[in-house]
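Undergrad: my questions concern the predicted model and sequence given below.
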Amino acid sequence: MACLGGFVSLPLRIPTTSPALASTPFHCRKNTVTLRFRIINSNSNGDPQDQITQSSKQQKSQSGSSWSAKNSEGKDYLYRLGQEAENMNVSVGARKGIIDDLFVGKFLGKDADIVFAYRQKVTRSFEHLQGDYYIAPAFLDKIVVHIVKNYIAHLLDVRVPLILGIWGGKGQGKSFQTELVFRAMGIEPVIMSAGELESERAGEPGKLIRERYRTASLVIKNQGKMSCLMINDIDAGVGRFGNTQMTVNNQIVIGTLMNLADDPTRVSVGQDWTESDITNRVPIIVTGNDFSTLYAPLIRDGRMDKFYWQPTREDLINIVDQMYKKDGISRENILRIVDAFPNQALDFYGALRSRTYDRFVLKWVEEIGGAEKLGEKLLRRKKGAPLPTFIAPKQNIEDLMDAGYSLVEEQEMVMRMRLSEEYMKK
């Protein structure tokens, strides 16, 4: 029957082999036809009795599933799992709604999150630190005591500061010595830099600190390894220098660290609180050059244990001696170098070795065709074609002394010229 402008409903009964009858209202509006089926049963008196349709039964069975069941707020299981679960594994719920290989892609593996491996490996290992290095005894003792006290804080009848602040002059090896201690103790830390303490979105750095803290806690809990959270150059990220502007993120980062120091076992990253959500206490180590630029309540006693690092002459000689041992430089020549350049940071003596390579690098450039051929030789050479062999220079005391005088001359020129004062006169 054609239906143009009006709305017509016609009952259509379909006989079946069972006592049930099919009652089908027929609706039509313009050129659209809609069929609706309703199954009814007749009792012994012939009166129809409505029964639950097949589609209703299917909906009921689906709503009864633990995966699709909604709570009072209309949130399903996967949503609540991501919000409340203690497991922070990003693969949980990563493929929600994606069950077809057409969307997942076999070339990416079975996880929809292609950076899964990177996100899971935010801890730092120290396989690159090959060879023997000297660790200053005072430095080692301070870090060992801080970490051990935090791991047995529940056994001690004292308040243990959660944060250890290592500060001192530039280039004195604070971060490197700390990594050497981590390698010696078998610690797998989570390391952050000052560049991660600011973001274009308010609250992101504070949340990142809490996430990294919980990640270190999971390393302790799930892998059975010692871990800690380390923030390098914290004063560069949240310190106040002259007329620098204090941002919301600076305040949130400072507040987050203060909160962690006060309550290190209850750390939220936005999920609903549960009684079982207890985080392992994770020691925090921060480095910087000038802690007087930090917010005073953050560095107060009880929250932060402070350690000023200035290597002694003996420490300096031992570190430099170990640095040049593979080059065959005798200890007497190491003493000569240290005495010739007093009051220099530890990284100065590492820069000496790098400066001695300059002349040999220029010689190597000439051998491969000069500066004009660098792009072709370094980047556009045939696949598998080796670079010309570079022969490293053999270190000697004369070259190291010449490199030292050159570096000192550049340092003095920077301090003497002070071009910024000329630029900013007016």
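TA: The structure has been received and is ready for your questions. Numbers count the residues shown, from 1 in each chain.
Undergrad: hmm, who's touching stretch 368-375?
TA: The contact list for stretch 368-375 (C-beta atoms under 8 Å, 6 or more residues apart in numbering) reads 365, 376-377, 387-388. Glycine gets a C-beta too; all of them are placed from N, C-alpha and C.
Undergrad: ok, now with 10 Å
TA: Contacts to stretch 368-375, defined as C-beta atoms under 10 Å, 6 or more residues apart in numbering, come from residues 362, 365-366, 376-378, 381, 387-388, 390.
Undergrad: take the residues you listed and keep only those in helices.
TA: Counted as lying in helices by DSSP state H, out of the contacts of stretch 368-375, are 362, 365-366, 376-378.
Undergrad: and Ser227, how many neighbours?
TA: Taking other C-beta atoms under 10 Å as the criterion, the count of residues near Ser227 is 24.
Undergrad: relative to Asn150, how far out is it?
TA: As judged by C-beta to C-beta, to the nearest Å, Ser227 and Asn150 stand 11 Å apart.
Undergrad: likewise for Asn289?
TA: Taking C-beta to C-beta, one finds Asn289 at 24 Å from Asn150.
Undergrad: which of these two has more residues huddled nearby?
TA: The neighbour count for Asn289 versus Asn150, taken as other C-beta under 10 Å, is higher for Asn150 (20 against 17).
Undergrad: can you name the residues that contact the residue lying closest to that one once chain neighbours are set aside?
TA: Spatial nearest neighbour of Asn150, excluding adjacent residues (C-beta to C-beta, 6 or more residues apart in numbering): Pro283 at 4.1 Å. Each residue near Pro283 by C-beta under 10 Å, 6+ apart is listed here: 143, 146-151, 153, 160-164, 187, 189, 216, 226-230, 264.
Undergrad: make sure Gln172 is actually in contact with Thr312.
TA: No - look at Gln172 against Thr312 with C-beta atoms under 10 Å: they stay out of range, at 11.3 Å.
Undergrad: which one of the contacts of stretch 368-375 is nearest Pro297?
TA: Distance to Pro297, by C-beta to C-beta, is smallest for Leu378 among those, at 52.1 Å.
Undergrad: show the pLDDT at the residue nearest to that closest one when sequence neighbours are not counted.
TA: Sequence neighbours aside, Leu387 is the residue nearest to Leu378 in space, at 7.5 Å (criterion: C-beta to C-beta, 6+ apart). Listed pLDDT for Leu387 reads 79.
Undergrad: any idea how many residues pack against Leu387?
TA: 10.
Undergrad: and it, how far from Gly369?
TA: Distance of Leu387 to Gly369, given as C-beta to C-beta: 12 Å.
Undergrad: intersection of neighbour lists for these two?
TA: Joint contacts of Leu387 and Gly369 (C-beta under 10 Å, 6+ apart) are Lys377.
Undergrad: list the buried residues of the longest helix along the chain.
TA: Taking DSSP H as the criterion, the chain has its longest helix at helix 397-417. By neighbour count with 16 or more other C-beta atoms under 10 Å, helix 397-417 contains the buried residues 397, 399-401, 403-404, 407.
Undergrad: so for the next helix or strand along the chain from it, mean pLDDT?
TA: Next in sequence after helix 397-417, counting helices and strands by DSSP states H and E, comes helix 419-423. Across helix 419-423, pLDDT averages out at 76.
Undergrad: what does helix 419-423 contact?
TA: Outside helix 419-423, no residue touches it (C-beta under 10 Å, 6+ apart).
Undergrad: farthest pair in the ones in helices among the contacts of stretch 368-375?
TA: Spanning the widest gap among these are Leu362 and Glu376, at 18.1 Å by C-beta to C-beta.
Undergrad: right, I'll call it a day here.
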